[in-house]
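Visitor: Kindly return the folded structure for what I paste below:
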Amino acid sequence: MADDQMAVRVRIMGRVQGVWFRGWTVDQARRLGLAGWVRNRHDGSVEALFVGAADRVDAMLALCREGPPAARVDTIEAEPAQGMVGTGFVQKPTV
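Guide: Model prediction:
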């Protein structure tokens, strides 16, 4: 991964399922030129991997703290994801 690139895996908790959070995340990540994925989890959270330029990943994390209009974000947990690369941003099935 290039020096200005980073990968972050996040868990977003709150009212984040059934409010178009995944679709909104795909739109925002693609707009920012990020790679990665987003999916619902059975515990009610949303999980995502954002890969790209550090400033754009930081911008995506800031967006996720608010989410789409119908969402209520209570907590975000973020951790570095080493060795992750990819192209494009997709929505994955629930786990």
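
Visitor: for the record, mean pLDDT for whichever strand or helix holds Val8?
Guide: Under the criterion DSSP states H and E, the helix or strand holding Val8 is strand 5-15. Strand 5-15 shows a mean pLDDT of 96 in the predicted model.

Visitor: quick one: strands adjacent to it?
Guide: Sheet pairing for strand 5-15, assigned by DSSP bridges, gives strand 46-53 (antiparallel), strand 72-80 (antiparallel).

Visitor: Any buried residues in the longest one, and which?
Guide: Yep, that's strand 72-80 we're talking about. Val73, Ile76 (16 or more other CB atoms under 10 Å). Heads up, the C-betas are built off the backbone N, CA and C, glycines and all.

Visitor: so how far is it off the chain centroid?
Guide: 10 Å (CA atoms, centre = their mean, to the nearest Å).

Visitor: need the next SSE after that strand, C-terminal direction.
Guide: That would be, after strand 72-80 and using DSSP H and E, strand 89-91.

Visitor: got the buried residues for that following strand?
Guide: Phe89.

Visitor: swap in stretch 42-60?
Guide: Across stretch 42-60, burial judged by 16+ other CB under 10 Å covers Ser45, Val46, Glu47, Ala48, Leu49, Phe50, Val51, Gly52, Arg56, Val57, Ala59, Met60.

Visitor: Who is the fifth one paired with across the strands?
Guide: Right, the one you point to is Leu49. Bridge pairing for Leu49 - DSSP bridges - gives Arg9, Trp37.

Visitor: tell me the contacts of it?
Guide: Shown in contact with Leu49 (CB atoms under 8 Å, 6 or more residues apart in numbering): Ala7, Val8, Arg9, Val10, Gly36, Trp37, Val38, Ala81, Met84.
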